[in-house]
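**Q** Please work out how this folds:
(2 chains)
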2 protein chains.
Amino acid sequence: MNILEMMRKCRSYRRFDATYDIYKNELIQLVNIARLAPSARNMQPLRYRLVYTRQECNQVFPHLAWAGYLKDWEGPAEDERPTAYMIVTRDSSLSDRIFCDDGLAIQAMLLGAVEMGLGGCIIGAFKKNEIREALKIDEKYEILYVIALGKPTEEIILENICDDDIKYWRSADGVHHVPKRSIEDLIL
Amino acid sequence: MNILEMMRKCRSYRRFDATYDIYKNELIQLVNIARLAPSARNMQPLRYRLVYTRQECNQVFPHLAWAGYLKDWEGPAEDERPTAYMIVTRDSSLSDRIFCDDGLAIQAMLLGAVEMGLGGCIIGAFKKNEIREALKIDEKYEILYVIALGKPTEEIILENICDDDIKYWRSADGVHHVPKRSIEDLIL
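**A** Modelled structure (predicted):
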C-alpha cells in the first residue's frame, strides 16, 4: 500500500470491536514510530501514557467527548468502545512550545495503527483533570490529546465538500460521511 | 517498506542535489496526501503555496534560517539547495486554532516525499514578511512553515541520546548525527 492509500484508510474511526484486545507491545511499537518523527530543535518533549487494560480503558472513556457534529450520538456503545488509548503529553520541563511536534508524531502513529489493522481517533475534547487523576499522570506532563484506538467496525466515506459545509454526518445505514475540500481549494 | 522503515528514512534533510528538478505535479500529489489528514472539527484550514521554479526558489531561500545547532554552517551551498518548497499556511478566515492539523498534514507530506525519492526539512525560522512579499501571499493566510524539498545528498545517522544532549551535530566526514531519546524515555 502506498502512502496515499494508507492515508485514505487512515480515518477517524469512532466505533470499534470492543472484544478485540490491543496489547502493550503494539502501543510500544507505535511509540517507536512516533519517536522517529521530526521535532523542533530536536527537543523531543512528547511523552506517552499507554492505556490497554480493560480497567484503565473504563476509567478513561467517561471523560471523553465524541464527534461534536453528531448531536444525536453520545459516543460509542459499550460493544463499540476503544480497547486502547494513547495519551499524548508534553513534558513541560523541556519546552513551552512544541510547534507541530504533536501532529507529526500522531500522524505517524495513526499510520502505524492502520498497518496493524487498527484505527484511531484523535480526541481533543476531554476532561483533563479527571484523566490525569484516573491515570495518575504527574502535573509535569500537560495532557495534549487522547488517541482512542481499536479494531474499526464502521464504514467511513470521503465525499466532496458541498456549499462549504464541512460537517461530517451519518446516514441511516450507519455509514459515516466526511466532506473533504478539493485539491484545488487547498492550493493558493 | 513499512511505516517504521519509512519513518527511519524520513529525516530532516538540509543538503540536496540542486540540479534535480521537482515538478508542480509532484507537489500537487503531496497536497493530495495532506488533504486526507485528520482535521480538528473537520475545518481543513490549511492552504499550500507551491514553489518549484528556479526563480521562486531563489526568492525564498535568502529568508530561511537553517539548523540552529550548527553554528559554523550557514545553510546549504548553492549546489546543495532545495529545488522546491511547500509553504504551509492557515486560512485565518476559517479558524483561529488549528490544534495539531499542521503536523498531521506535514508528516503525511514528508512520508509522501520519501516515497517519491525526495526529502524535506520543516523550517520554522524564516522571515515571514519577506516570504509573503516575494510570493505575493495574501494577508488572509498566516504562513506557518516552509518545507524545503529536494533530492537529499547527505547522510543522516540516528544515535542514542547521551547525557541528555539533544543537539544534532555534523562529523568531519560531513555526516549529520541526530540523537534520539529511547522508547523507554518516552513512556510514562
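
**Q** Give me the three-state assignment for residue A:144.
**A** strand (DSSP: H, G, I helix; E, B strand; the rest coil).

**Q** so who does it touch?
**A** A:46, A:88, A:89, A:90, A:98, A:102, B:100 (CB atoms under 8 Å, 6 or more residues apart in numbering or on different chains). To be clear about C-beta, it is placed using only N, CA and C from the backbone, and glycine gets the same treatment.

**Q** And for it, nearest residue in space, chain neighbours not counted?
**A** Nearest residue to residue A:144 in three dimensions, chain neighbours excluded: residue A:88, at 4.9 Å (CB to CB, 6 or more residues apart in numbering or on different chains).

**Q** Next up, identify which helix or strand the one you found is on.
**A** strand A:84-91 (DSSP states H and E).

**Q** Who does that strand pair with, and is each partner parallel or antiparallel?
**A** Strand A:84-91 pairs in its sheet with strand A:46-51 (antiparallel), strand A:141-150 (antiparallel), by DSSP bridges.

**Q** quick one: contacts of that strand?
**A** For strand A:84-91, using CB under 8 Å, 6+ apart, the contacting residues are A:22, A:26-27, A:30-31, A:45-52, A:56-57, A:60, A:98, A:102, A:105-106, A:109, A:120, A:131, A:135, A:137, A:140-150, B:188.

**Q** Output stretch A:39-48 as CSV, nothing but the C-alphas.
**A** Presented in CSV, the C-alpha positions along stretch A:39-48 are these (Å, rounded to 0.1, in the frame of the first residue of the first chain):
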residue,chain,number,x,y,z
SER,A,39,11.0,17.5,16.5
ALA,A,40,11.5,21.3,16.7
ARG,A,41,15.1,21.9,17.9
ASN,A,42,15.2,18.1,18.3
MET,A,43,13.8,18.7,21.8
GLN,A,44,11.5,15.6,21.7
PRO,A,45,9.3,16.8,24.5
LEU,A,46,6.3,14.4,23.9
ARG,A,47,5.7,11.6,26.4
TYR,A,48,3.1,8.9,26.1
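
**Q** what does it contact?
**A** Here stretch A:39-48 has contacts from A:27, A:31, A:34-35, A:86-91, A:94-95, A:97-102, A:104-105, A:141, A:144, B:68-69, B:124, B:166-168, B:178-181, B:186-188, using CB under 8 Å, 6+ apart.

**Q** Tell me which of the strands paired with strand A:84-91 lies nearest to residue A:2.
**A** With CB to CB as the measure, strand A:141-150 is the member of these nearest residue A:2 (23.2 Å).

**Q** any idea which helix or strand comes after the helix or strand harbouring residue A:8?
**A** Counting by DSSP H and E, the element that carries residue A:8 is helix A:3-9. Downstream of helix A:3-9, the next assigned helix or strand under DSSP H and E is helix A:24-34.

**Q** Burial check on whichever residue of chain A sits closest to chain B, number of neighbours?
**A** Nearest residue of chain A to chain B (CB to the nearest CB) works out as residue A:103 at 2.1 Å. Using other CB atoms under 10 Å in any protein chain shown, residue A:103 has 27 other residues around it.

**Q** which residues touch the nearest residue to it once chain neighbours are set aside?
**A** For residue A:103, ignoring the flanking residues on the chain, the nearest one in space by CB to CB, 6+ apart is residue B:103 at 2.1 Å. Remark: with contacts taken as CB under 8 Å, 6+ apart, residue B:103 is in contact with A:99, A:100, A:101, A:102, A:103, A:104, A:105, A:106, A:107.

**Q** Out of these, name the ones that lie in helices.
**A** A:101, A:102, A:103, A:104, A:105, A:106, A:107 (DSSP state H).

**Q** In TSV: those residues, plus distance to residue B:1.
**A** Shown next, in TSV, are the ones in helices among the contacts of residue B:103 (distance: CB to CB, whole Å):
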residue	distance to residue B:1
A:101	24
A:102	25
A:103	22
A:104	19
A:105	19
A:106	21
A:107	17
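
**Q** Just among the residues you listed, which is most surrounded?
**A** residue A:105 (32 neighbours).

**Q** Let me see the confidence value for that residue.
**A** We have a pLDDT of 98 for residue A:105.

**Q** right, and it touches residue A:34 too?
**A** Yes - in this structure residue A:105 lies within contact range of residue A:34 using CB atoms under 8 Å: 4.0 Å.

**Q** okay, now the nearest residue to residue A:19 once chain neighbours are set aside: neighbour count?
**A** Closest residue in space to residue A:19, ignoring its immediate chain neighbours: residue A:79 at 7.7 Å, by CB to CB, 6+ apart. Neighbour count of residue A:79, defined by other CB under 10 Å: 11.

**Q** Ramachandran angles for residue A:79?
**A** The phi/psi pair for residue A:79 (degrees, to the nearest 10) reads phi -90, psi 10.

**Q** Farthest pair within the contacts of residue A:144?
**A** Checking the contacts of residue A:144 with CB to CB, the most distant pair is A:89 and B:100, at 13.2 Å.

**Q** neighbour count winner among these two?
**A** residue B:100 (26 against 21).

**Q** Quick check: closest non-adjacent residue to that one.
**A** residue A:103 (3.4 Å).

**Q** Roughly how far does that neighbour sit from residue A:27?
**A** 19 Å (CB to CB, to the nearest Å).

**Q** Now do the same for residue A:42: its pLDDT.
**A** 97.

**Q** What is the neighbour count of it?
**A** 18.

**Q** what does residue A:116 give?
**A** 14.

**Q** quick one on the thing from earlier: and the contacts of the helix holding residue A:8?
**A** A:1, A:111, A:114-115, A:158, B:3, B:6, B:29, B:32-33, B:36-37, B:108, B:111-112, B:115.

**Q** Go again with 7 Å.
**A** With contact meaning CB atoms under 7 Å, 6 or more residues apart in numbering or on different chains, helix A:3-9 is reached by A:111, A:114, B:32, B:33, B:36, B:37, B:108, B:111, B:112, B:115.
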